[in-house]
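Asks: Provided below for reference: sequence and predicted model.
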Amino acid sequence: MNDELVTILHKKVLRYHTTKSTKRKNRLRNEIFFKVQPYMLKWLYEILLKKGIYLSKQDMTTSSWECFVFCLDNYKCDGNIPIPNHFYKYSNYFTSKTIIKENKKYESTNNELNNIPSSIKHNELVENIMEIKEFRNTLPENYMLVFDDALMSLNPHTGDRLNRMSESKLPQQRYQESKKVFKWFINFLLKRIV
């Protein structure tokens, strides 16, 4: 973000906070957002990537708007914090309190699999494993790698896990999203026998 844009944004943010008219306030908010959005998307992507969270483009756009509003509403006009610093810092805080917290709810697959009782009937287990194998064979080759990775990532012994992202031709985000879906599906099939 260049100095000229930072100055323009600072003036607009100050105007936003001092304006009483809702209509004018909304117009200013939207103007600021369209100037900041490319940076918001970049910052959010970097922050979430460090945490291993991959969102779809639509979720990323929605999150960038929510994060932007949070950052804008929490800007302290009496301080001298530059807009980029404030927005990055508050984006980090926003993601840890909302997006990351929300994603942790869905990452409980490993814990749930460890709780499957050992008294499962052998033929039911084999039947479900056969369903998993049949499903895998219907996938395109690129997605078979992802499926194998998802299946092995459910193994409680971390040394036995696979990470085949480097072998895949899929973009990183699609690979990670597909892996989450496959983990959920495998977990669903295994839980049917409990």
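Replies: Cool, got the structure.
Asks: can you give me the mean pLDDT across the host helix or strand of residue 182?
Replies: If you go by DSSP states H and E, residue 182 is part of helix 172-191. For helix 172-191, mean pLDDT rounds to 80.
Asks: so how far is it from its chain's centroid?
Replies: Taking CA atoms, centre = their mean, to the nearest Å, one finds helix 172-191 lying 14 Å from the centre of the chain it belongs to.
Asks: All further residue positions should be reported with the first residue as 11.
Replies: Got it, first residue is 11 now, which makes that one helix 182-201.
Asks: tell me the domain ranges of the protein?
Replies: Domains of the chain are assigned by automatic domain parsing as 13-114, 118-201.
Asks: For these, which has the smallest mean pLDDT value?
Replies: Among the domains of the chain, domain 118-201 carries the lowest mean pLDDT (a mean of 70).
Asks: coming back round to it: would you convert the domains of the chain into TSV that also reports mean neighbour count?
Replies: The way it works is simple: take the backbone N, C-alpha and C, and place the C-beta from them, glycine included. As requested, the domains of the chain are arranged in TSV below (neighbours: other CB atoms under 10 Å):
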stretch	mean neighbour count
domain 13-114	15
domain 118-201	14
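Asks: and the helix or strand harbouring residue 73 with helix 182-201, angle?
Replies: Take DSSP H and E as the rule and residue 73 turns out to sit in helix 67-83. Angle, helix 67-83 to helix 182-201, by axes from the mean of the first three to the mean of the last three CA atoms, to 10 degrees: 110 degrees.
Asks: now for the next helix-or-strand element following helix 67-83, which elements pack on it?
Replies: Going down the chain from helix 67-83, the next helix or strand is helix 93-107, by DSSP H and E. Applying 3 or more CB pairs under 8 Å, 6 or more residues apart in numbering; DSSP states H and E, one finds that helix 93-107 contacts helix 13-28, helix 32-60, helix 67-83.
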